[in-house]
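Q: quick one: sequence and predicted model below, then my questions.
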Amino acid sequence: CLWNPLKGYQPFRIPLSVKKTLFDIFTNLWYNSKSLFSNTADVREHFRAVCFHTYNRGKIMIKRIISAGVLCCLAALTGCGSQKTTVPNTVQNGTIAKTTAVSESSAEDVTERETEAVTDPEISPYRNPLTGELGYAESAVGKRPVAVMVNNLKGALPQYGIAEADIIYELPVEGGITRLMAVYANYADVPEVCSVRSCRYYYPILCLGMDAIYCHWGLDQTIAKETLERTGIDHLDGGQYYGSLYFRDSERERTYAQEHTGYLDGPKLPEVLENQGIRTELLDYYDQPLFNFASEDEKIIPQGENAQEVTLNFSGSYYSTFQYDETSGEYKKLHSGEPHMDQRTGTQLSFENVLILQTLVYPRENNYLMDVELSGGMGYYVSNGGIEPLTWEKSSETAPIKLYDFSGSELTLNCGKTYIGILSLIHISEPTR
């Protein structure tokens with residue numbers, strides 16, 4: 001992003017030659033780190049330190065350039081009025097997604113807040129900690145959420161039970177595919193969810209930041225196994241709980257490959273948790289909203305350009321597109337160009353908030369499984385037809401994700417369901433048309 005004195009930070013298209021140069025620089029830095037250390041953790045730490053040093057030196061240079069040119073920019077921009085415009089490509093193929101703008105807002109109304117009075121006395125006064133919405137069951141207050149690993153292969157579509165999730169994470173796994181993690185605030189109100197797949201190590205780390213109970217069916221026997229054992233996270237594996245919590249969908253077995261038929265019987269969760277003596281009360285540190293939500297009578301439009309459509313390209317064949325529906329105020333999700341549907345409800349997945357979080361993603365030593373850095377980075381917040389850049393951090397494995405605007409203030413999200421896509425920082429390509 002570049003700083004525009006009248007409009008704030010603005011995304012811009014990076015020339016292909018510059019992209020290749022940046023890729024070469026970071027690739028050389030990575031292999032240089034690998035040549036200096038044999039321990040993977042030391043390699044990562046050295047690489048991160050060198051990158052931040054390079055970044056900080058770059059910031060100093062950019063500030064000097066901006067200081068020299070800011071008066072010229074102000075003089076040129078002062079004479080510009082409101083005009084029809086198309087936004088440059090913002091986040092695409094792992095980092096930059098395509099956004100389509102309708103019109104340019106003036107500096108005075110970059111952020112809008114519209115109020116609606118909540119008049120229904122029957123609505124519960126308790127707020128869902130994952131969505132910020134009123135009407136949350138009193139019996140669920142202070143209880144732990146549940147996160148379920150969901151198969152996202154095209155051959156497993158459509159899934160079911162995911163339209164009822166409060167948050168859906170999507171991250172890359174091996175082979176250019178992605179896997180979802182559906183999160184439900186109320187462990188006693190989880191539906192049947194299909195199809196459930198195996199653990200990759202970065203998903204339980206995300207769960208730790210929410211004090212969530214982690215549900216999966218299988219795991220890789222290397223770092224995922226080590227992470228589950230080392231962290232001691234409460235998790236329920238379909239291999240261990242088959243027949244009591246996990247089952248095969250007999251209807252799907254007729255037409256789907258077997259690995260796409262396993263489901264979690266959500267209504268059985270409370271009984272299983274009680275029988276296993278698994279804690280259901282949130283730890284005090286996590287007994288608060290996951291994000292900084294606005295009140296339900298506010299409507300926040302992110303600062304920046306209008307965004308009617310955004311696309312996250314995880315790979316050439318797996319990408320998620322979000323199209324804004326002005327009537328509902330939601331973004332409808334597409335899976336690789338087709339509406340992403342829930343088989344049971346027959347509805348398309350939709351979200352009030354779309355968070356695009358950028359980080360380092362790279363193959364592990366076996367050149368198959370992936371490493372996903374979860375310490376922090378940059379990204380974008382998309383909601384109510386607008387998009388703005390953000391920064392994010394996860395200060396430790398057990399810390400929640402924190403979101404900030406470019407002034408350093410904690411970002412405020414609209415109430416509602418949230419999609420969180422975490423994807424590559426380095427791989428950038430031209431937009432998908």
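A: Sure, I can see it. Numbering: from 1, shown residues only.
Q: mind listing what the closest residue to Tyr202 other than its chain neighbours touches?
A: What sits nearest to Tyr202 in space, not counting adjacent residues and going by CB to CB, 6 or more residues apart in numbering, is Val372, at 4.4 Å. Any C-beta I mention is one placed from the backbone N, CA and C, and that applies to glycine too. Listed by CB atoms under 8 Å, 6 or more residues apart in numbering, the contact set of Val372 reads Leu171, Pro172, Tyr202, Thr359, Leu360, Val361, Ile422.
Q: quick check on the first one: phi, psi?
A: Dihedral pair for Leu171: phi -130, psi 160, per degrees, to the nearest 10.
Q: how about it: what's its closest non-neighbour residue?
A: Using CB to CB, 6+ apart, the closest residue to Leu171 is Ile422 (4.9 Å).
Q: also the second one?
A: Distances taken as CB to CB, 6+ apart place Phe314 nearest to Pro172, at 5.0 Å, with adjacent residues excluded.
Q: next one: that neighbour from Cys207, what distance?
A: To Cys207, Phe314 is 21 Å away according to CB to CB, to the nearest Å.
Q: then Gly135?
A: Gly135 is 25 Å from Cys207, by CB to CB.
Q: those two - which one has more neighbours?
A: Per other CB atoms under 10 Å, whichever of Gly135 and Cys207 has more neighbours is Cys207, with 27 against 14.
Q: please, which helix or strand holds the more buried one?
A: Assignment of secondary structure by DSSP states H and E places Cys207 within helix 202-208.
Q: average model confidence for that helix?
A: The average pLDDT for helix 202-208 rounds to 98.
Q: next one: stretch 284-300
A: Across stretch 284-300, the average pLDDT comes to 96.
Q: residues of that stretch that come out buried?
A: Buried positions in stretch 284-300, judged by neighbour count with 16 or more other CB atoms under 10 Å: Tyr286, Leu290, Phe291, Phe293, Glu296, Lys299, Ile300.
Q: could you double-check that the fifth one lies in contact with Asn128?
A: Which is Glu296. No: at 10.6 Å, Glu296 and Asn128 do not qualify as touching, with contact defined as CB atoms under 8 Å.
Q: run a quick neighbour tally on Glu330.
A: Residues lying near Glu330 (other CB under 10 Å) number 22.
Q: please report how far it lies from Asp342.
A: 14 Å.
Q: do Met181 as well
A: To Asp342, Met181 is 16 Å away according to CB to CB.
Q: looking at those two, which is more packed in?
A: Neighbour tally, Met181 and Asp342, criterion other CB under 10 Å: the higher count belongs to Met181, 27 against 18.
Q: report the contact partners of the residue nearest to Leu374 when sequence neighbours are not counted.
A: Nearest residue to Leu374, sequence neighbours excluded (CB to CB, 6+ apart): Lys394, at 5.1 Å. Lys394 sits next to Gly209, Leu374, Ser375, Gly376, Pro400, Ile401, Lys402 when contact means CB under 8 Å, 6+ apart.
Q: any idea which element the second one lies in?
A: For Leu374, there is no host helix or strand (DSSP H and E).
Q: hang on, isn't it packed against Thr359?
A: Yes: applying CB under 8 Å, one finds Leu374 in contact with Thr359, separated by 6.8 Å.
Q: can you list residues touching both of these two?
A: Each of Ile422 lies in contact with both Leu374 and Thr359 under the rule CB under 8 Å, 6+ apart.
Q: name the next helix or strand following the helix or strand where Lys332 lies along the chain.
A: Lys332 is part of strand 330-335 when elements are defined by DSSP H and E. On the C-terminal side of strand 330-335, the closest following helix or strand by DSSP H and E is strand 338-339.
Q: can you tell me the strand partners of that next one and which way each runs?
A: Strand 338-339 sits in its sheet next to strand 330-335 (antiparallel), going by DSSP bridges.
Q: got the CA coordinates for the strand it pairs with in CSV?
A: Coordinates of each C-alpha in strand 330-335 appear next as CSV, following Å, rounded to 0.1, in the frame of the first residue of the first chain:
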residue,chain,number,x,y,z
GLU,A,330,-23.4,-9.9,3.1
TYR,A,331,-20.7,-11.3,0.9
LYS,A,332,-21.7,-14.4,-0.9
LYS,A,333,-18.9,-17.0,-1.2
LEU,A,334,-17.9,-18.9,-4.4
HIS,A,335,-15.6,-21.9,-4.3
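Q: measure stretch 218-238 end to end?
A: Length of stretch 218-238, first residue to last, CA to CA, to the nearest Å: 7 Å.
Q: quick one: contacts of it?
A: Taking CB under 8 Å, 6+ apart as the rule, stretch 218-238 contacts 196-201, 204-205, 207-208, 213-217, 239, 245-246, 262, 264, 272, 278-279, 364, 366, 369, 397.
Q: how about the closest residue in space to Gly329 that isn't next to it in sequence, what does it touch?
A: The spatial neighbour of Gly329 that comes closest, neighbours along the chain excluded (CB to CB, 6+ apart), is Asn384 at 6.0 Å. Applying CB under 8 Å, 6+ apart, one finds that Asn384 lies in contact with Lys299, Ile300, Ile301, Pro302, Gly329, Glu352, Asn414.
Q: could you identify which of those residues has the most neighbours?
A: Highest neighbour count within those: Pro302, with 27 neighbours (other CB under 10 Å).
Q: surely that one and Val382 touch.
A: Yes: taking contacts as CB under 8 Å, Pro302 lies within contact range of Val382: 6.9 Å.
Q: what number of residues lie near Pro129?
A: Close neighbours of Pro129, defined as other CB under 10 Å, add up to 25.
Q: what sits against it?
A: Contacts for Pro129 (CB under 8 Å, 6+ apart) come out as Tyr136, Pro145, Ala185, Gln288, Pro289, Leu290.
Q: what do you get if the cut-off is 10 Å, keeping everything else the same?
A: The contact partners of Pro129, by CB atoms under 10 Å, 6 or more residues apart in numbering, come to 136, 140-143, 145, 166, 185-186, 210, 282, 286-291, 293.
Q: now do Ser198
A: 149, 151, 173, 179, 216-220, 224, 237-239, 259.
Q: do that again at 6 Å, thanks
A: By CB atoms under 6 Å, 6 or more residues apart in numbering, Ser198 lies in contact with His216, Gly218, Leu219.
Q: looking at it now. What's its pLDDT?
A: In this model, Ser198 is scored at 97, pLDDT.
Q: kindly report the same for Glu116.
A: For Glu116, the predicted pLDDT is 41.
Q: please report phi then psi for Glu251.
A: phi -70, psi -40.
Q: that one - how many residues pack around it?
A: The burial count for Glu251: 10, using other CB under 10 Å.
Q: CA atoms of stretch 265-274 as PDB?
A: Provided in PDB are the C-alpha atoms of stretch 265-274 (Å, rounded to 0.1, in the frame of the first residue of the first chain):
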ATOM      1  CA  ASP A 265     -22.600 -35.700  15.000                       C
ATOM      2  CA  GLY A 266     -22.700 -32.300  16.700                       C
ATOM      3  CA  PRO A 267     -25.700 -32.800  19.000                       C
ATOM      4  CA  LYS A 268     -23.700 -35.600  20.700                       C
ATOM      5  CA  LEU A 269     -20.900 -33.300  21.700                       C
ATOM      6  CA  PRO A 270     -22.200 -32.300  25.200                       C
ATOM      7  CA  GLU A 271     -22.500 -36.000  26.200                       C
ATOM      8  CA  VAL A 272     -19.100 -36.900  24.900                       C
ATOM      9  CA  LEU A 273     -17.400 -33.900  26.500                       C
ATOM     10  CA  GLU A 274     -19.000 -34.700  29.900                       C
END
